[in-house]
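> all I have is the shape, not the residue letters:
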Ligand SMILES: [Zn+2]
């Protein structure tokens, strides 16, 4: 059975949408992930998770949206960032296009933390259009489900946890011999209660927000399996749920 929308004909899509009101939409970013990881890390991981969950649940999966809100990485070459407004609008129009065919439940698999604010805002707005959007991010799920697998300094951007998942999924585009460990600097203007307009380059020299040299494909495989299982449970539950039972309407 096909689960990727772009591989279906319009008649196959009609068959799916006439029987189902749920879809999976992976999103990510194209941004620096240290010297060892590919720029596509965030969209490649969300795409892999989304496609595996689609296969296990029979829920349709869209092509990944590869660009995200990443301007804080721009000083590292090859980072392609779009504004939060453009990102939100793009995802919104994709969701509304699905809504036209009767989709009422959408699971967004987000591979990049910088996209979260826009996605949360969008999910609230789409609730008003009768579309229930849930947002899944693999790293907080991994932190909860496998709390002892990585130390806190291995769990941040481009660190051992993320590098391990890359090693498990696409080892041919990871060069672990280039991995570095970095200690984020303290900025001279930092103070309690103060937010500063800082970018990654203000904190670290190579783009690694902690320790990355301890990455391994084995641990990456375990993480992938655990987060896929967790998301599969969520998608199965949403697939069965009636959309009108997912949100409360005005009290009478
Ligand atoms: Zn990332």
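Perfect, thanks for sending it. Computed from a prediction, not measured in an experiment: that's the story for all the values here. Numbering: from 1, shown residues only.

> and the residue lying closest to residue 41 once chain neighbours are set aside, what pLDDT?
In this structure, residue 41 finds its nearest non-sequential neighbour in residue 33, 4.3 Å apart by C-beta to C-beta, 6 or more residues apart in numbering. Quick note: C-beta positions are derived from backbone N, CA and C, even for glycine. For residue 33, the pLDDT comes out at 98.

> ditto for the one 3 residues further on
Here, the pLDDT recorded for residue 36 equals 98.

> buried set for stretch 114-123?
114, 115, 118, 119, 122, 123 (16 or more other C-beta atoms under 10 Å).

> work out the gap between it and the centre of the chain.
Centre-to-centre, stretch 114-123 and its host chain are 11 Å apart (C-alpha atoms, centre = their mean, to the nearest Å).

> that one and the ion, are they touching?
No. Stretch 114-123 stays clear of the ion (C-beta under 5 Å from the ion), getting no nearer than 9.1 Å.

> would residue 23 count as being in a strand?
Yes. Remark: residue 23 belongs to a strand, assigned using DSSP: H, G, I helix; E, B strand; the rest coil.

> write out the residues of this structure neighbouring the ion.
So the chain meets the ion at 41, 42 (C-beta under 5 Å from the ion).

> state which one residue of the chain is found closest to the ion.
Nearest residue of the chain to the ion (C-beta to the ion) works out as residue 42 at 4.2 Å.

> am I right that residue 217 is in contact with residue 164?
Yes. Residue 217 lies in contact with residue 164 (C-beta atoms under 8 Å); the separation is 6.7 Å.

> those two: which is more packed in?
The neighbour comparison of residue 217 against residue 164 (other C-beta atoms under 10 Å) goes to residue 164, with 28 against 17.

> over to the more buried one: give its phi and psi.
phi -60, psi -40 (degrees, to the nearest 10).

> for the closest residue to it other than its chain neighbours, the count of nearby residues, please.
Distances taken as C-beta to C-beta, 6+ apart place residue 220 nearest to residue 164, at 3.4 Å, with adjacent residues excluded. By other C-beta under 10 Å, 23 other residues sit near residue 220.

> repeat for residue 15
Counted by other C-beta under 10 Å, the residues lying close to residue 15 total 12.
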